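> Sequence plus the predicted model coming up.
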Amino acid sequence: MIAGWFVAALLLSQGELAPQDALQFTAQPGISWKATFKQRFYAPRSAQQEIAFEFTGSHRIVRSADGQLQVEGGWLMSQMWMDDDKLPGVKGEPIPYRWDLASNGFPRLVMDELGDSRAFRLARIVAFACPMKPSAYWLEVHPASDVGQVPRAQHTWKPLGTETWNGRKALRIEFEFKELERQHPLLATGQLLADWSTGMLVELHAEGTNAQLPGGENEQYDFRVEYRVDPSTAVKWPR
């Protein structure tokens, strides 16, 4: 997967950040890290009926033969909770959502396999998590996909200010993601944290409604998503 968002981009927080202090999205070969990704889905009307997954993964940035920056690495599923009786139709689906494009902390990467369309719908929450436009508050509309009738979606972001992560400067952003023109639109709200010197996603917390499990029944599930980089493994990150 090619890291297409390494080009310079700016994020300005409302009032606090001047243009010269804007976040720069940069990266270089040799950067490496480990991260944990958790996803939990609740059956409609009952938080006791759930399916949950936890993944850990190691990743590093390399330069390909054609000079492009890309990320090597992958995920290992470390834990899974599942109730087949209460969640019919999920059997045989070991990883119900494809998070390949988010597996390395660079949400703007190209996703090489769309997989189930319902997977792609939910993956876009992370795929478009980090904005790339200079504004105190901004909105972006993502086009529909021809694959699996994935609807148009809308993202809004609001920078909340800076804080310290792993002894480094980071920018916290509040976001909302919602689908458009659908009877049961998927909706997610949450916050993310982006490292100041690299622009990398280091934390993501989101909650939402109307997710559908691939291979499962046509029901809308509530869900929670968490992504977190292990600060002790962040190696060769520029400052």
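Looks like it came in fine. Numbers count the residues shown, from 1 in each chain.

> do you know how far Gln220 is from Ala188?
Distance from Gln220 to Ala188, counting by Cβ to Cβ, to the nearest Å: 13 Å. Glycine gets a C-beta too; all of them are placed from N, C-alpha and C.

> same thing with Val235?
31 Å.

> out of those two, which sits in the more crowded spot?
Neighbour count, other Cβ atoms under 10 Å: between Val235 and Ala188, Ala188 has more, with 25 against 11.

> What's opposite that one in the beta bridge?
Phe177, Gly208 (DSSP bridges).

> mind saving the C-alpha coords of stretch 170-182 as PDB?
Output in PDB follows, covering the C-alpha atoms of stretch 170-182 (Å, rounded to 0.1, in the frame of the first residue of the first chain):
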ATOM      1  CA  ALA A 170       0.500  16.200  19.400                       C
ATOM      2  CA  LEU A 171      -2.800  17.700  18.100                       C
ATOM      3  CA  ARG A 172      -6.200  16.500  19.300                       C
ATOM      4  CA  ILE A 173      -9.100  16.600  16.900                       C
ATOM      5  CA  GLU A 174     -12.800  16.000  17.300                       C
ATOM      6  CA  PHE A 175     -14.500  14.400  14.300                       C
ATOM      7  CA  GLU A 176     -17.900  13.200  13.000                       C
ATOM      8  CA  PHE A 177     -18.300  10.700  10.200                       C
ATOM      9  CA  LYS A 178     -21.800  10.000   8.700                       C
ATOM     10  CA  GLU A 179     -23.100   8.400   5.600                       C
ATOM     11  CA  LEU A 180     -25.600  10.200   3.300                       C
ATOM     12  CA  GLU A 181     -28.600   9.100   1.400                       C
ATOM     13  CA  ARG A 182     -29.100   5.800   3.100                       C
END
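
> Now name the helix or strand holding the residue lying closest to Ala194 once chain neighbours are set aside.
Leaving aside its sequence neighbours, Ala194 sits nearest to Leu171 (Cβ to Cβ, 6 or more residues apart in numbering; 5.1 Å). Take DSSP states H and E as the rule and Leu171 turns out to sit in strand 168-179.
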